[in-house]
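Asks: this one's sequence-less:
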């Protein structure tokens, strides 16, 4: 069943200039492996690619209804957003609704992703705040859940805080292994990131894609999260981003989410499958082409975007086409 | 002689989160291989890592003397600079000295590297020009050489322009193979980049490091270029950059230069050696750790910077140390 690794090539003229290797798994909710490339028992840090899983406890808590939140907030809770105006303003308004503010966010502050956003801040003589952090929506979900359950909000990023314990409990229910046993590192935004076998990560995605084996509570939350990811794809990422593009092009068919260091996950509800990918070198550019390739292999890639997603152009400074990225023939012809 | 590949790991907490593989060669001017890891017969696109070689014809032309240029201009001709104020102003003044202007540069325009430079431009209500392009110094060298020889400046980036023909002729003299036979792609700045066997690239660096086998003209130019790289290390790159740091810390001992897609080259005159490295996935972060490791292996890494260069910290958004990069034990213990 298992085949050679995922290989993505980067060409320049007639030369393969660089190449990326990784692993990928396509799994059913019961753990059956439908397809795999490389050693999918390897443990990977999912980073932001499992944010839809991390949003489960928030949606299950009843806080969405209590505080009058909707799809845009649920999508933000699954987001690694660009820090564009709409992302930042929605996070600020959301925190206000639950009686908190940006100063309660423990994710830290970084510059927004797009140069136009950086320039806009300078023109307004403003500096980025925690709401600009690409994880601010996820952290707002964490804070909201703590408020909903009457827990202290301070320290919600710590391994033993109830917020983080619930994440592990959900992961355990979805992935087929005990997440409390996983080693962990600290993510960019301060929360623990759990060393998960890649096949378990794919299984968790499958469980959310086709949740009939889950408890009603989990199943309803999973369906609601998938709906929000398709309904508000801009909130998950933003202008120019791969997951915004896929989630907007394939409503009801695919919900994908990338993470730092070359991780990509996807739910495919019409097929009842979950996908997880890790590029060993951490290259996001390769993880995107790998996800597009797997989606194409499974027959769900939008026909009109196939060429561009499987063969993204490499351009030079003046905009000349000088090469392309592509799945290696040795991988999936 | 040849050993397993270069392997650089990226950790997060107790986990090796990502890993990079590559090839490296340490070579003498006569082509003798002193050390090698991975298949060093592989052809690689040197990108900007061979800019010191590309500066040879400029220095040999006599234009430095004629136009009153100095170390800062020679270093800029070898540079992938940040587009900081001093880089941009020096390029503009240089072009003025030879009767040209930024509109003669064919490298295109991109934003400067540092966020502070981007912000400064917005505050001045200015936009970046071609002088901000990280390759603008190299292109100024090309233009200056064309002026010196009375050649048309227009089209100096084309494969058959005398400027590019001279680059191949110098490469042929230094690397031990005929560069006219190399396949080529188009570099980010528009010039041809030649698919060079890694061991040939290392040999070219060795020839510049210990140029006694070269013609007097080549030998004098090589020595002058090495001197300039050490004397004006800021001009080669700028604030926070690896090659600025190494070239400033090791005057007379090392002159290194990185390129896009994970290439790094170095000249080690006191040892009479050249080094070339290519990380297959194109990761610059790994190429730097690999170069530091090779320098350490050869005994020329500054003692006070050893720990930080061999184990650069991985920090999260709030500045917490969450991991490190390191040479894998399987590579060079």
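Replies: Cool, the structure landed. Only a predicted model underlies this, so the values are computations on that prediction, with no experimental measurement involved.
Asks: what strand or helix carries residue A:225?
Replies: Taking DSSP states H and E as the criterion, residue A:225 maps to helix A:216-231.
Asks: swap that for residue A:277, please
Replies: Per DSSP H and E: strand A:273-279 holds residue A:277.
Asks: and that strand, how far out from the chain middle?
Replies: Put simply, strand A:273-279 sits 11 Å off its chain's centre (Cα atoms, centre = their mean, to the nearest Å).
Asks: identify each buried residue in it, please.
Replies: For strand A:273-279, a neighbour-count test (16 or more other Cβ atoms under 10 Å in any protein chain shown) marks A:273-279 as buried. To be clear about C-beta, it is placed using only N, CA and C from the backbone, and glycine gets the same treatment.
Asks: would you map the strands across the stretch 151-300 of chain A?
Replies: A:184-186, A:192-194, A:196-197, A:255-259, A:263-268, A:273-279 (DSSP state E, counting those that start in this stretch).
Asks: so which of the ones you listed is nearest residue A:17?
Replies: strand A:273-279 (16.3 Å; Cβ to Cβ).
Asks: ramachandran angles for the residue lying closest to residue A:235 once chain neighbours are set aside?
Replies: Using Cβ to Cβ, 6 or more residues apart in numbering or on different chains and skipping residues adjacent in sequence, the residue nearest residue A:235 is residue A:75, 3.8 Å away. The phi and psi values for residue A:75, taken as degrees, to the nearest 10, are phi -60, psi -40.
Asks: close enough to count as contact, residue A:75 and residue A:237?
Replies: No - between residue A:75 and residue A:237 there is no contact under Cβ atoms under 8 Å: 9.4 Å.
Asks: enumerate every residue touching residue A:41.
Replies: Listed by Cβ atoms under 8 Å, 6 or more residues apart in numbering or on different chains, the contact partners of residue A:41 are A:197-199.
Asks: cool, and residue A:322?
Replies: Residue A:322 touches A:12-13, A:314-316, B:185-188, counting by Cβ under 8 Å, 6+ apart.
Asks: buried only: go through these for me.
Replies: Buried by 16+ other Cβ under 10 Å: A:12-13, A:314, A:316, B:185-188, out of these.
Asks: let's have the residues you listed in TSV, adding pLDDT and distance to residue A:254.
Replies: Shown next, in TSV, are the buried ones among the contacts of residue A:322 (pLDDT from 0 to 100; distance: Cβ to Cβ, whole Å):
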residue	pLDDT	distance to residue A:254
A:12	98	31
A:13	97	34
A:314	97	25
A:316	96	32
B:185	98	34
B:186	98	35
B:187	98	37
B:188	97	33
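Asks: closest one of those to residue A:169?
Replies: Distances from residue A:169 to these, taken by Cβ to Cβ, are shortest for residue A:314, at 43.6 Å.
Asks: now do the closest one against residue B:110, distance only.
Replies: 15 Å (Cβ to Cβ, to the nearest Å).
Asks: parallel or antiparallel, which strands does the longest strand anywhere in chain A pair with?
Replies: When chain A is parsed with DSSP state E, its longest strand is strand A:15-27. When sheet partners are counted by DSSP bridges, strand A:15-27 sits next to strand A:6-12 (antiparallel), strand A:33-37 (antiparallel), strand A:273-279 (antiparallel).
Asks: looking at those, which is closest to residue B:155?
Replies: strand A:6-12 (20.8 Å).
Asks: who touches the closest one?
Replies: Against strand A:6-12 from outside (Cβ under 8 Å, 6+ apart): A:16-24, A:37-38, A:277, A:279, A:283, A:285-286, A:289-290, A:293, A:314, A:322-328, A:330-331, B:45, B:185-186, B:193, B:261, B:282.
Asks: cool, stretch A:159-175 as well?
Replies: Stretch A:159-175 is contacted by residues A:50, A:53-54, A:56-57, A:142, A:145-146, A:149, A:151-152, A:155-158, A:178-180, A:182, A:184, A:191-192, A:194, A:196-197, A:200-201, A:203-204, A:207-208, A:214-215, A:218 when judged by Cβ under 8 Å, 6+ apart.
Asks: bridged to the residue in the stretch 51-200 of chain A positioned nearest to chain B, which residues?
Replies: For the stretch 51-200 of chain A and chain B, the shortest gap (Cβ to the nearest Cβ) falls at residue A:185, measuring 3.0 Å. As for beta bridges, residue A:185 partners with residue A:193 under DSSP bridges.
Asks: hmm, back to that, for the residue nearest to residue A:235, give its distance to residue A:233.
Replies: For residue A:75, the distance to residue A:233 - Cβ to Cβ - is 7 Å.
Asks: same check on residue A:277?
Replies: Residue A:277 sits 19 Å away from residue A:233, going by Cβ to Cβ.
Asks: try residue A:251
Replies: 9 Å.
Asks: and those two? Which one has more around it.
Replies: residue A:233 (24 against 14; other Cβ atoms under 10 Å in any protein chain shown).
Asks: quick one: contacts for that one?
Replies: Neighbouring residues of residue A:233 by Cβ under 8 Å, 6+ apart: A:75, A:243-245, A:247-248.
Asks: need the helices for chain A, in chain order.
Replies: For chain A, the helices defined by DSSP state H cover A:51-54, A:56-60, A:63-66, A:71-77, A:85-97, A:115-123, A:136-148, A:162-175, A:198-209, A:216-231, A:233-236, A:242-249, A:284-297, A:306-310.
Asks: nearest to residue B:29, of the ones you listed?
Replies: helix A:284-297 (37.2 Å).
Asks: by contact count, what packs against that closest one?
Replies: Secondary-structure packing of helix A:284-297 (3 or more Cβ pairs under 8 Å, 6 or more residues apart in numbering or on different chains; DSSP states H and E): strand A:6-12, strand A:15-27, helix A:242-249, strand A:255-259, strand A:263-268, strand A:273-279, helix A:306-310, strand A:321-327.
Asks: give me the sheet partners of the fifth one and which way each runs.
Replies: Put plainly, it is strand A:263-268. strand A:255-259 (antiparallel), strand A:273-279 (antiparallel).
Asks: can you give me the angle that strand makes with helix A:216-231?
Replies: Taking axes from the mean of the first three to the mean of the last three Cα atoms, to 10 degrees, one finds strand A:263-268 and helix A:216-231 inclined to each other by 100 degrees.
Asks: who's in contact with strand A:263-268?
Replies: A:44-50, A:52, A:201-202, A:205-206, A:208-209, A:226, A:253-259, A:274-279, A:287-288, A:290-291, A:294-295, A:298, A:300.
Asks: of those, buried ones?
Replies: Here, 16+ other Cβ under 10 Å leaves A:44-50, A:52, A:201-202, A:205-206, A:208-209, A:226, A:253-259, A:274-279, A:287-288, A:290-291, A:294-295, A:298, A:300 buried among the contacts of strand A:263-268.
Asks: hmm, back to that, which of the helices and strands packed on helix A:284-297 sits most buried?
Replies: strand A:273-279 (a mean of 30; mean count of other Cβ atoms under 10 Å in any protein chain shown).
Asks: quick one, it and helix A:162-175 angle?
Replies: 110 degrees.
Asks: where does chain A have its least confident helix or strand?
Replies: Across the helices and strands of chain A, mean pLDDT, DSSP states H and E gives its lowest value to strand A:2-3, namely a mean of 72.
Asks: list the contacts for residue A:105?
Replies: By Cβ under 8 Å, 6+ apart, the neighbours of residue A:105 are A:95, A:130-131, A:133, A:136, A:139-140, A:143.
Asks: now tabulate those residues in TSV and tack on distance to residue A:172, neighbour count and pLDDT.
Replies: Below are the contacts of residue A:105 laid out as TSV (distance: Cβ to Cβ, whole Å; neighbours: other Cβ atoms under 10 Å in any protein chain shown; pLDDT from 0 to 100):
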residue	distance to residue A:172	neighbour count	pLDDT
A:95	29	23	98
A:130	30	26	98
A:131	31	25	98
A:133	27	31	98
A:136	27	29	98
A:139	22	27	98
A:140	24	30	98
A:143	23	25	98
